[in-house]
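A.B. asks: generate coordinates for the sequence data below:
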Amino acid sequence: MADTNHADVKKLPFERATDELESIVKRLEEGKVPLEESVAIYERGEALKRRCEELLRQAEARVEKITLDASGKPSGTEPLDVA
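C.D. replies: Coordinates of the predicted model:
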């Protein structure tokens, strides 16, 4: 069952994953969740965190730097310098 829960995480868009992760963090911080459920939602939170990191890496790889011409107007794009 945990595998199927984590499988659906791989399909979530960034915003849904972060919203759910924030909800999990809030529930855990409140401390009113039974231990077994706490462990289960913590594990899901870890999967959501990995998903968000993966999506951020993908976005960073696609980011391009806007190039300007001599007058300061945008003239195109080039790959972002990754240092």
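A.B. asks: all contacts plus neighbour counts: C-alpha atoms, from now on.
C.D. replies: Fine.
A.B. asks: surely Tyr42 touches Lys26?
C.D. replies: No - assessed by CA atoms under 8 Å, Tyr42 is found out of contact with Lys26, at 11.2 Å.
A.B. asks: more neighbours: those two, which one.
C.D. replies: With neighbours defined as other CA atoms under 10 Å, Tyr42 and Lys26 compare such that Tyr42 has more, 17 against 11.
A.B. asks: ok, the most centrally placed residue in the chain to Glu36 distance?
C.D. replies: Nearest to the centroid of the C-alpha atoms of the chain, with distances taken as CA atoms, centre = their mean, sits Cys52, at 1.5 Å. According to CA to CA, to the nearest Å, Cys52 stands 25 Å off from Glu36.
A.B. asks: how near is the closest residue to Val9 other than its chain neighbours to Gly72?
C.D. replies: Setting aside the residues directly before and after it, Val9 is nearest to Leu48 in space (CA to CA, 6 or more residues apart in numbering), at 6.2 Å. In this structure, Leu48 and Gly72 are 41 Å apart, going by CA to CA.
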